[in-house]
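Asker: Generate a structure from the sequence data that follows.
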Amino acid sequence: QVQLVESGGGLVQAGGSLRLACAGSGRTFSTYSMGWFRQGPGKEREFVAAITWSGGSTRYADSVKGRFTISRDNAKNTVYLQMNSLKPEDTAVYYCAADRGVMPTQIYGVDYWGKGTLVTVSS
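Answerer: Numbering: from 1, shown residues only. Sure, this is the predicted structure:
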């Protein structure tokens, strides 16, 4: 069992930055591939970024490439999402996801979800 708790959301102006964190419980956290998804108002949940258990490989949605960076610190059981050059369309609830196997890039097959943290980008 892995429990995930997101933090770091808030209100920021367009062009600003935020860093989200996802703290995981359990000794097996370092064996999970991790990802970030988001769900904007009236939209479906969508993939944002993912990272392998070792941190050796990452993947990003086209909409955030060059602006967002995913990283992890297995010693702290934490995965991060650094978000720069934020846009109003980045406004969403951001969810952390854990997958025992491949990098989670689709909502189907994710083993564990956090409850989310709200990011609001004002224009």
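
Asker: In this protein, which residue is most central in space?
Answerer: Trp36 (2.4 Å; Cα atoms, centre = their mean).

Asker: Excluding covalently adjacent residues, which one is nearest to that one?
Answerer: Using Cβ to Cβ, 6 or more residues apart in numbering and skipping the chain neighbours, the partner closest in space to Trp36 is Val48 (4.3 Å). For the C-beta atoms, the positions are set from N, CA and C on the backbone; glycine is no exception.

Asker: Now do the contacts for that neighbour.
Answerer: 35-38, 60-61, 64, 68, 81, 94 (Cβ atoms under 8 Å, 6 or more residues apart in numbering).

Asker: So which of these are in strands?
Answerer: Members of those lying in strands (criterion: DSSP state E): 35-38, 60, 68, 81, 94.

Asker: so what pLDDT did the residue nearest to Trp36 get?
Answerer: Note on Val48: pLDDT of 98.

Asker: For it, give me phi and psi.
Answerer: phi -120, psi -60 (degrees, to the nearest 10).

Asker: and what of Ala75?
Answerer: phi -70, psi -30.

Asker: Surely the residue nearest to the centre of the chain and Ile51 touch.
Answerer: No - using Cβ atoms under 8 Å, Trp36 is not in contact with Ile51; the gap is 9.1 Å.

Asker: Common neighbours of those two, please.
Answerer: Counting by Cβ under 8 Å, 6+ apart, the residues touching both Trp36 and Ile51 are 70, 79.

Asker: Who does the host helix or strand of Leu118 pair with, and is each partner parallel or antiparallel?
Answerer: Taking DSSP states H and E as the criterion, Leu118 maps to strand 117-122. Sheet pairing of strand 117-122 (DSSP bridges) gives strand 10-13 (parallel), strand 92-99 (antiparallel).

Asker: Count the neighbours of Val110 for me.
Answerer: For Val110, the neighbour count with other Cβ atoms under 10 Å is 19.
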